[in-house]
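**Q** turn this into a model:
(chains A and B)
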Amino acid sequence: MMAAVILVVSLAALLQFFISYCRSLIAASAKQPLSVEVQEVTGITTGARGEDYPRVMQLLQLCPERPQDRGEVRAVKGYFQLLQLMRATLARPLPSLHDWTEFQLGQCTYFAAVALDRRIAFSREMLAAQLDDSL
Amino acid sequence: MGRELDQSTKARNVLGPTQFVIWFLGISLEATVVVCAVLRGSFRRYIFLNLYMAATLLVEIGRFQFLKHFGSNSFEFIYFYFYSDALLTILLYFALISLYTVVFDEMKAEKYVRFGAVLLLAGTSLFTYAVVHQSSAKILTHFVFELCQNLYFVGLVLTFVLWGAVLKLRETRTRVIQFVLSLGVYFSAFAVTYALRNLFPNFQTPYLAQAIGFFLPFAWVYTFWRVPEEARLAPSRVTVVPR
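**A** Sure, this is the predicted structure:
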């Protein structure tokens, strides 16, 4: 009985802390503007939508990986999947929760777009360094 | 390391390639946390977090040595594993308390926080002893295991209270927020696995503990390296329920 109570309490706490942790990662990118280039490629100009996330992720995977953002991208991917599950289950009968989930999914997409921006800049720096070495 | 193993026992007990890679990744991450903290000039500011990571690194190296010399089924390895685990859990508990002193810094409540922490640790140990004393013949071993389990749950409750304080006091330092949240994820994930093991004794999830173990150094490397000390974040922006 006690173990069951601990399990339920711990699961609820895990969910709460994981969501908050992911939001703290996303919060930093929400303030960053997207470059015109990424806006054109992703089609994100004003607000990002959750539906665009798979497409932005595909573009992200085309770029060389930056070791610094690997963990972040994975954590947010997990958060995105959790939100999708919430949207399909808990959020269906609750309009306010549904709106919140949609907003969060959009934030995940924006985060992915910012990561794409950083990876493009990283690829350019690598290319420039290679060109300098070859000269 | 007096008693050496024969060749066949050695072959059975050594780490496989996957386990070796996991072990190596773990110690690399733990070392990276300390290196990042030193390079960013934050080693002393978060001294208990860094001491915990350094101790974890040393314990992992020690475990490898015990494993190599005695094998994974030996009493020596098992005793070293559980006693070092208890020591690390207590160190992590103090690392969490050090975050309390950071959050309550302006209230000059450091003395009370420390006193309360020691009292709570003593209380948890006494409670564990009282439970174990009635039900087990191998008191010390059982005590160490139960103490770890109870401290993880106490750690989870304390992290929850600290997160409440962060929200109430409007603590905006991004690093502090991320440290508290990462500890919350870590404690609650371990509490879930302990509870599952209690409910279902046959519950086996290979590599789950290692995966959870990776999370903390990973999160701390990110925070030390990517988040500057001056970075600020409104905690209300990251809560599940909008405030």
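**Q** can you name every helix or strand that the longest helix belonging to chain A contacts?
**A** Longest helix of chain A, by residue count under DSSP state H: helix A:95-134. Helices and strands touching helix A:95-134, by 3 or more CB pairs under 8 Å, 6 or more residues apart in numbering or on different chains; DSSP states H and E, are helix A:2-30, helix A:36-42, helix A:53-62, helix A:70-88. For the C-beta atoms, the positions are set from N, CA and C on the backbone; glycine is no exception.
**Q** of all the ones you listed, which lies closest to chain B?
**A** Closest approach to chain B among the helices and strands packed on helix A:95-134 (CB to the nearest CB): helix A:2-30, 3.3 Å.
**Q** residue 106: neighbouring residues, count only.
**A** Assuming you mean chain A. For residue A:106, the neighbour count with other CB atoms under 10 Å in any protein chain shown is 18.
**Q** the intended chain is chain B.
**A** Neighbour count for residue B:106, taken as other CB under 10 Å: 8.
**Q** helix, strand or coil for it?
**A** helix (DSSP: H, G, I helix; E, B strand; the rest coil).
**Q** got a pLDDT number for the closest residue to residue A:4 other than its chain neighbours?
**A** Nearest-residue entry for residue A:4: residue B:199, 6.3 Å, with adjacent residues in sequence omitted and distances by CB to CB, 6 or more residues apart in numbering or on different chains. Looking at residue B:199, its pLDDT stands at 85.
**Q** correct me if wrong: residue B:238 contacts residue A:27.
**A** Yes - using CB atoms under 8 Å, residue B:238 is in contact with residue A:27, at 6.1 Å.
**Q** please enumerate the shared neighbours of those two.
**A** With contacts taken as CB atoms under 8 Å, 6 or more residues apart in numbering or on different chains, not a single residue reaches both residue B:238 and residue A:27.
**Q** so these two - more neighbours on which side?
**A** Using other CB under 10 Å, the more surrounded residue of residue B:238 and residue A:27 is residue B:238, with 22 against 18.
**Q** for the most centrally placed residue in chain A, give me its contacts.
**A** Chain A has residue A:108 as the residue nearest its centroid, 3.4 Å off, counting by CA atoms, centre = their mean. Counting by CB under 8 Å, 6+ apart, residue A:108 touches A:26, A:50, A:53, A:76, A:79-80, A:83.
**Q** is it true that residue A:90 touches residue A:98?
**A** No - if you go by CB under 8 Å, residue A:90 and residue A:98 don't touch, sitting 9.1 Å apart.
**Q** more neighbours: which of those two?
**A** Between residue A:90 and residue A:98, counted using other CB under 10 Å, the more crowded position is residue A:98 (15 against 12).
**Q** quick one: the more buried one and residue B:135, what's the gap?
**A** Distance of residue A:98 to residue B:135, computed by CB to CB, to the nearest Å: 49 Å.
**Q** equivalent analysis for residue B:183, please.
**A** Where residue B:135 is concerned, residue B:183 sits at a distance of 31 Å (CB to CB).
**Q** have a look at the two and say which one is more surrounded.
**A** Neighbours were counted for residue B:183 and for residue B:135 using other CB under 10 Å; residue B:183 has more, 26 against 9.
**Q** who's in contact with the more buried one?
**A** B:92, B:95-96, B:99, B:155, B:159, B:216.
**Q** that older thread, neighbours of the residue nearest to residue A:4, how many?
**A** Residue B:199: 14 surrounding residues under other CB under 10 Å.
**Q** now residue B:226
**A** When neighbours are counted by other CB under 10 Å, residue B:226 comes out with 18.
**Q** wait, doesn't it sit right on residue A:67?
**A** No - Residue B:226 is not in contact with residue A:67 according to CB under 8 Å; the separation is 11.6 Å.
**Q** on that earlier part again, excluding sequence neighbours, find me the nearest residue to the residue nearest to the centre of chain A.
**A** residue A:80 is the one closest to residue A:108 (CB to CB, 6+ apart), at 4.4 Å.
**Q** who touches that neighbour in this structure?
**A** For residue A:80, the contacting residues are A:50, A:53, A:105, A:108, by CB under 8 Å, 6+ apart.
**Q** reformat those as CSV; add pLDDT.
**A** Converted to CSV, the contacts of residue A:80 look like this (pLDDT from 0 to 100):
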residue, pLDDT
A:50, 90
A:53, 93
A:105, 93
A:108, 93
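**Q** picking up where we left off before, for the residue nearest to residue A:4, give me its contacts.
**A** Counting by CB under 8 Å, 6+ apart, residue B:199 has contacts A:3-4, A:7.
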